[in-house]
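K.L.:
Based on what follows, work out the 3D shape:
(2 chains)
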There are 2 protein chains.
Amino acid sequence: MTMPSVNNGVNVQALLDAREALKGAPEATKFTWRASCKWQNVTHSQTKVQSFFGLGQEQSHKTMTTHDADHPEIFASEDKGVTPIEYMLVGLASCLTAGVAAVAQNRGIQLRSVESNVEGKMDIRGILGIDSDVRNGYDDIKVTFKIDADASKKEIEALVAQSQKRSAVYDVITNPVNVTVEVV
Amino acid sequence: MTMPSVNNGVNVQALLDAREALKGAPEATKFTWRASCKWQNVTHSQTKVQSFFGLGQEQSHKTMTTHDADHPEIFASEDKGVTPIEYMLVGLASCLTAGVAAVAQNRGIQLRSVESNVEGKMDIRGILGIDSDVRNGYDDIKVTFKIDADASKKEIEALVAQSQKRSAVYDVITNPVNVTVEVV
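P.N.:
Predicted structure coming up:
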């Protein structure tokens, strides 16, 4: 399917080869992603991301990154970072965008630009404990893509739909995940 | 409940006052959080976060922050940022940590340190399209807190449980959210 004349920078052949190689290696496809968080003060925390496990062994990002999170000043906090719930939107937008690039490459579609705006709606009566019928998290999230590419509107819509179908973050947000929290 | 001698930096009184004030103002509690993402190259994107809507009007973080996301080198990418799915862990850890600080302040518990490790397990046969019965996202996420505070193990466990109960990110990850994706 790959047309050599198209170049979005994505090495689709490597992904297709990996898919073939991993078909017979169920242990290699089990990944563990990690993050370590330290409370700083008030509602400010710093979370570090570097190591992960996959392809049967310990792996590492090239660099360790630190992610500040805080609540905004209107919640009587110091706004030293993004609100934790905003990180959900960062993850969703970036996951769908990476998917669009990979699928476009596989389909021989040259991308010129891919932009998206994400909006998540939430009623804070939930987290403030005003009304127990109001959920704590988002009611609705809307992602709007604007894509400039050598393709028809219909082909672009199909790109986005396929990215959505394979998106890890889209799955985590739209379906329940089992989360265990413990204190040691 | 607040003991003045305890200081985790959280202005609990402001939050309690806000809760009272917002009880009669259903429009003020409706928040919209936002992020704007731009594809850079390959699977690398940058997502900017600054404005949001709440308390009935446009709001803004003190500064605009930019969040790089990419896939790691073992996926034939350039590792120019955190993998999108790792942002889910950053959001979860920071949300629960901010909650622990706020609840501790309200219960008169002095915190000395709050650390957590988060691990998310995922089988990449889903995203690679090897097996359609394997989900794209996390199967399981485990958060492990280590908290040093002037409190018993039982009180610390209760702190964490209350934070979990009111966490927006915990809700988004453990329950389904409606997500709409469109192309304009």
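K.L.:
buried set for stretch A:61-74?
P.N.:
A:61, A:65, A:67-72 (16 or more other C-beta atoms under 10 Å in any protein chain shown). Any C-beta I mention is one placed from the backbone N, CA and C, and that applies to glycine too.
K.L.:
for stretch A:44-59, same thing?
P.N.:
Here stretch A:44-59 shows A:44-50, A:52, A:54-55, A:59 as buried, counting by 16+ other C-beta under 10 Å.
K.L.:
Now, those residues that are in strands?
P.N.:
Applying DSSP state E to these, the entries found in strands are A:44-50, A:52, A:54, A:59.
K.L.:
filter those down to the ones near chain B?
P.N.:
Applying C-beta under 8 Å from any C-beta of the partner chain to those, one finds that A:44-45, A:47, A:49, A:52, A:54, A:59 fall near chain B.
K.L.:
Throw the ones in strands among the buried residues of stretch A:44-59 into a markdown table and include pLDDT and distance to residue B:168, thanks.
P.N.:
Formatted as a markdown table, these follow (pLDDT from 0 to 100; distance: C-beta to C-beta, whole Å):
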| residue | pLDDT | distance to residue B:168 |
| --- | --- | --- |
| A:44 | 97 | 17 |
| A:45 | 98 | 15 |
| A:46 | 98 | 19 |
| A:47 | 98 | 16 |
| A:48 | 98 | 22 |
| A:49 | 98 | 20 |
| A:50 | 98 | 26 |
| A:52 | 98 | 25 |
| A:54 | 95 | 29 |
| A:59 | 96 | 30 |
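K.L.:
and the two most separated of these?
P.N.:
Using C-beta to C-beta, these span at most 30.9 Å, a distance reached by A:44 and A:54.
K.L.:
show me where chain A has helices.
P.N.:
Ranges of helices in chain A, per DSSP state H, are A:12-23, A:84-106, A:153-165, A:168-174.
K.L.:
Which stretch among these is buried most, on average?
P.N.:
helix A:84-106 (a mean of 28; mean count of other C-beta atoms under 10 Å in any protein chain shown).
K.L.:
got the angle between the helix or strand bottoming out on mean pLDDT in chain A and helix A:84-106?
P.N.:
The weakest-scoring helix or strand in chain A, judged by mean pLDDT, DSSP states H and E, is helix A:12-23 (a mean of 82). Interaxial angle, helix A:12-23 versus helix A:84-106 (axes from the mean of the first three to the mean of the last three C-alpha atoms, to 10 degrees): 100 degrees.
K.L.:
list the helices and strands helix A:12-23 packs on?
P.N.:
helix A:84-106 (3 or more C-beta pairs under 8 Å, 6 or more residues apart in numbering or on different chains; DSSP states H and E).
K.L.:
CA atoms only for the helix it packs on - export them in CSV, please.
P.N.:
Extracted in CSV, the C-alpha atoms of helix A:84-106 (Å, rounded to 0.1, in the frame of the first residue of the first chain):
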residue,chain,number,x,y,z
PRO,A,84,-4.4,17.0,35.8
ILE,A,85,-7.6,16.7,33.8
GLU,A,86,-6.0,18.7,31.0
TYR,A,87,-3.4,16.0,30.6
MET,A,88,-6.2,13.7,29.4
LEU,A,89,-6.8,16.1,26.4
VAL,A,90,-3.0,16.3,25.7
GLY,A,91,-2.9,12.5,25.5
LEU,A,92,-6.0,12.2,23.4
ALA,A,93,-5.0,14.8,20.8
SER,A,94,-1.5,13.6,20.5
CYS,A,95,-2.5,9.9,20.2
LEU,A,96,-5.0,10.6,17.4
THR,A,97,-2.5,12.9,15.6
ALA,A,98,0.2,10.2,15.6
GLY,A,99,-2.3,7.8,14.3
VAL,A,100,-3.4,10.1,11.5
ALA,A,101,0.3,10.4,10.4
ALA,A,102,0.9,6.7,10.5
VAL,A,103,-2.4,5.8,8.6
ALA,A,104,-1.7,8.5,6.0
GLN,A,105,1.7,7.1,5.3
ASN,A,106,0.3,3.6,5.0
